[in-house]
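Trainee: turn this into a structure:
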Amino acid sequence: MSGVSFVAGCGLGGLNTWGCGGSCRWLASPKNASEATMFIKKAADEGTGLYILGGGSNILVQDGFIDAGVISSRAMDALEVHAEKGGARIEASAGVPVKKLLALSLDKGLTGMEFLTGIPGTLGGALFGNAGAAGCSFAPIVEWVDTVSFDGVSRRWRSEDLVWKYRTCPWNGERLMITRASLRPGSGSREEITGNIRRFSALKKGQPIGAKTAGCVFKNPAGDSAGRLLDLCGCKKLRVGAAKVSESHANFIENSGGASAADIYALAEMCRKRVYEEHGIVLEYEIKFFGAF
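Mentor: Just a heads-up that it's a prediction; the model follows:
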């Protein structure tokens, strides 16, 4: 493991945007797919659980100790741009920040990635959660995605292998780590791209800025908005401990200072229960969970 960042008994509170949660058995930060595979096999050999951590912007980490290994993709930040007719091909590792891809679209005149405006985190996490906005997502621009299963098996998924659904990745239910992807955005003028970025930015108005949140807690149900339903149910008035529903957007939960993961989860479940009791709709979580909830 020489040259690879590896920490035993590492705290995870500082590695997620809610700023809460306990510690894990070990945290590894590989720089490439080969090193990532080594740690995936380590977890399999130990018979422990395994979690993949990107930017930490849409996860809730349980309090206390998680008897599992965690692989952070942040050091997997290789990025290559290959100019091609009609646009470009971008090969990026899982840890590349999505804001870097957005900046690249402006710099190189590439369109199709503007939906990433205001979305935090890394490419791997964004792909795994099928991040998007206003009906736009990675689906039209993904050429292939490389993964390593938790059994240590590598595979390249071509675009024709992938079926994208709203906030659901094509690997839903499969235990694997995304390591690298190839994207093929189109070409566009700076004016066009800037206009698209402004349009997507406008969609983010009303979301809490500067607060400790993890983005939208729940997925939008078909034909409706989770934020609207939560607001109708009076959820903006709710809080548990230091966890409170954002006053600016009901689908965000803020850590107002010292909230535990248990506080946040209890509040989310309280909100979920209200929507079900008043509207008969079971909201699905958009956030991911580390540990037992």
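
Trainee: and residue 251, which of the three is it?
Mentor: Assigned with DSSP: H, G, I helix; E, B strand; the rest coil, residue 251 falls in the coil class.

Trainee: show me the contacts for it.
Mentor: By Cβ atoms under 8 Å, 6 or more residues apart in numbering, residue 251 lies in contact with 216-218, 225-227, 230. (C-beta placed from N, C-alpha, C; glycine too.)

Trainee: tell me the contacts of the residue most central in space within the chain?
Mentor: Closest to where the C-alpha atoms of the chain average out (Cα atoms, centre = their mean) is residue 125, at 4.0 Å. Taking Cβ under 8 Å, 6+ apart as the definition of contact, the neighbours of residue 125 are 54-55, 57-58, 73, 94, 131.

Trainee: kindly reformat these as a markdown table containing neighbour count.
Mentor: Compiled in a markdown table, those are given as follows (neighbours: other Cβ atoms under 10 Å):
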| residue | neighbour count |
| --- | --- |
| 54 | 28 |
| 55 | 24 |
| 57 | 21 |
| 58 | 26 |
| 73 | 25 |
| 94 | 30 |
| 131 | 23 |
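
Trainee: what's the top helix by length along the chain packed up against?
Mentor: Among all segments of the chain classified by DSSP state H, the helix with the greatest residue count is helix 261-279. Other elements packing on helix 261-279 under the criterion 3 or more Cβ pairs under 8 Å, 6 or more residues apart in numbering; DSSP states H and E are strand 59-61, helix 226-232, strand 239-240, strand 243-245, strand 253-255.

Trainee: how about the ones you listed in TSV, adding distance to residue 121?
Mentor: As requested, the helices and strands packed on helix 261-279 are arranged in TSV below (distance: least, Cβ to Cβ, whole Å):
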stretch	distance to residue 121
strand 59-61	10
helix 226-232	19
strand 239-240	25
strand 243-245	21
strand 253-255	17
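
Trainee: of all those, which one is nearest residue 148?
Mentor: strand 59-61 (19.7 Å; Cβ to Cβ).

Trainee: now do the very next helix or strand once past that closest one: distance to the chain's middle.
Mentor: Scanning forward in sequence from strand 59-61, with DSSP states H and E defining helices and strands, the next element found is strand 65-72. A distance of 17 Å separates the C-alpha centroid of strand 65-72 from that of its chain, computed with Cα atoms, centre = their mean, to the nearest Å.

Trainee: name the residues that touch the following helix or strand past strand 65-72?
Mentor: Along the chain past strand 65-72, the next helix or strand (assigned with DSSP H and E) turns out to be strand 79-84. For strand 79-84, the surrounding residues in contact (Cβ under 8 Å, 6+ apart) are 88-93, 96, 100, 104, 108, 184.
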